[in-house]
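Student: Got a predicted model here, sequence first, then my questions.
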Amino acid sequence: MSEADRSAKHTELCGATADRIEVRGRDLVRDLVGRLTFTEMFLFHLLGKDPTPLQVAVTDAVLVAIMEHGLVPSAIAARLTLLGSPESFQGAVAAGLLGVGDHFAGTASRCGEVLDRIVAAPPGERRALALSTVQSHRRERKPLPGFGHPTHRNGDPRVPRLIEIARASGAPGRYIEALSLLEAAIAEALGRALPANVSAAIAVALREAEIPTEAIRGVVLTARCAGLAGHLLEEKRDRSAEQMWEAAERAVPYQAPR
């Protein structure tokens, strides 16, 4: 292949001929189907190389930990969309995924960015950087991504489990240490503890495994897609969206403008 051919716009993800499907240089049928688990294939497709055992272990754990959230806005949006458009399962999934943002389930990537800056600093400067990061967020009245939880006020039980799995799988520990520095900085700034939540643990686990920060939300969305599929199958079998709609009308009644 000439240099001109290499520089032309192209994709290295997938191509097909009449009798072969190729994904990142591998034969899909011969080399991948039946040989890789979904997580292994997901990482191979994402990263372009065979995943390490650490990457597989932490991604598997993250996918399980973040798949289900209960009746949070993304699940409610999916169920209500299915009510309005029962023929469009994919539309209902898409509606739910559109609600995965910085408030619900989407802060892991932003937390990864904060942790990246701390890990990139010289070791002797990391504590001060963690403290200045907390202080700057307080000055700007912005929540620090990855901390606090409306339900798990005394600590998100998923956090120690994900970190435990990362350590047991051979994580180097730099991001785990950075999270500890942030927790200590928050306690110093607030005068009380504000525990990390699952978004922080997801960022720590995936970055320990060298999953790119810009891919973190993709991992979260993959897990949430699976969770929404479960909600929608339940909705098809035992409908509750109409009651949700009625409850919303009762909770927010019409009032004539003054």
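Tutor: Looks like it came in fine.
Student: ok, and the closest residue to residue 85 other than its chain neighbours, which helix or strand is that part of?
Tutor: Nearest residue to residue 85, sequence neighbours excluded (C-beta to C-beta, 6 or more residues apart in numbering): residue 91, at 5.5 Å. Backbone N, C-alpha and C define where each C-beta goes, glycine included. Assessed by DSSP states H and E, residue 91 sits inside helix 89-98.
Student: Could you list the buried residues of the helix or strand following that helix?
Tutor: Using DSSP H and E, the helix or strand that follows helix 89-98 towards the C-terminus is helix 108-120. Under the neighbour-count criterion of 16 or more other C-beta atoms under 10 Å, helix 108-120 has 108-112, 114-116, 118-119 buried.
Student: so residue 156 touches residue 196, yeah?
Tutor: Yes - contact between residue 156 and residue 196 holds when scored by C-beta atoms under 8 Å: they sit 6.9 Å apart.
Student: Now do the same contact list for the residue nearest to residue 196 when sequence neighbours are not counted.
Tutor: Using C-beta to C-beta, 6+ apart and skipping the chain neighbours, the partner closest in space to residue 196 is residue 159 (5.3 Å). Contacts of residue 159 were listed using C-beta atoms under 8 Å, 6 or more residues apart in numbering, and they are 195-198, 200-201.
Student: Now residue 27: phi and psi?
Tutor: Residue 27 adopts backbone torsions of phi -70, psi 120, taken as degrees, to the nearest 10.
Student: Neighbours of the residue lying closest to it once chain neighbours are set aside, how many?
Tutor: Residue nearest to residue 27 in three dimensions, not counting chain neighbours: residue 20, with 6.3 Å by C-beta to C-beta, 6+ apart. The tally of other residues near residue 20 (other C-beta atoms under 10 Å) stands at 11.
Student: got any ranges where the stretch 51-200 of the chain has weak pLDDT?
Tutor: For the stretch 51-200 of the chain, the stretches with pLDDT under 70 are 103-106, 150.
Student: let's see 50
Tutor: Within the stretch 51-200 of the chain, not a single segment meets pLDDT under 50.
Student: Now do the helices in it.
Tutor: Taking DSSP state H, counting those that start in this stretch, the helices of the stretch 51-200 of the chain run over residues 53-66, 73-84, 89-98, 108-120, 126-139, 158-168, 174-190, 198-208.
Student: angle of the second one against helix 89-98?
Tutor: Angular relation of helix 73-84 and helix 89-98 on a 0 to 180 degree scale: 150 degrees, by axes from the mean of the first three to the mean of the last three C-alpha atoms, to 10 degrees.
Student: ditto for the fourth one
Tutor: Between helix 108-120 and helix 89-98, the angle formed by their directions is 40 degrees, by the same axes, to 10 degrees.
Student: Residue 254: what secondary structure?
Tutor: coil (DSSP: H, G, I helix; E, B strand; the rest coil).
Student: tally of neighbours for it?
Tutor: Using other C-beta under 10 Å, residue 254 is surrounded by 5 other residues.
Student: Now it, what are its backbone angles?
Tutor: phi -70, psi 140.
Student: now it: how far from residue 238?
Tutor: Distance of residue 254 to residue 238, computed by C-beta to C-beta, to the nearest Å: 30 Å.
Student: Same question for residue 127.
Tutor: 52 Å.
Student: Which one of the two is surrounded by more residues?
Tutor: Higher neighbour count among residue 127 and residue 238: residue 127, with 16 against 7, using other C-beta under 10 Å.
Student: My read is that the more buried one contacts residue 182, right?
Tutor: No - here residue 127 does not reach residue 182: they are 10.0 Å apart, not a contact under C-beta under 8 Å.
Student: follow-up on the earlier one: give me the residues contacting the helix holding residue 91.
Tutor: 74-75, 77-82, 85, 221, 224-225, 228-229, 231-232.
Student: the more surrounded of residue 156 and residue 196?
Tutor: With neighbours defined as other C-beta under 10 Å, residue 156 and residue 196 compare such that residue 196 has more, 27 against 23.
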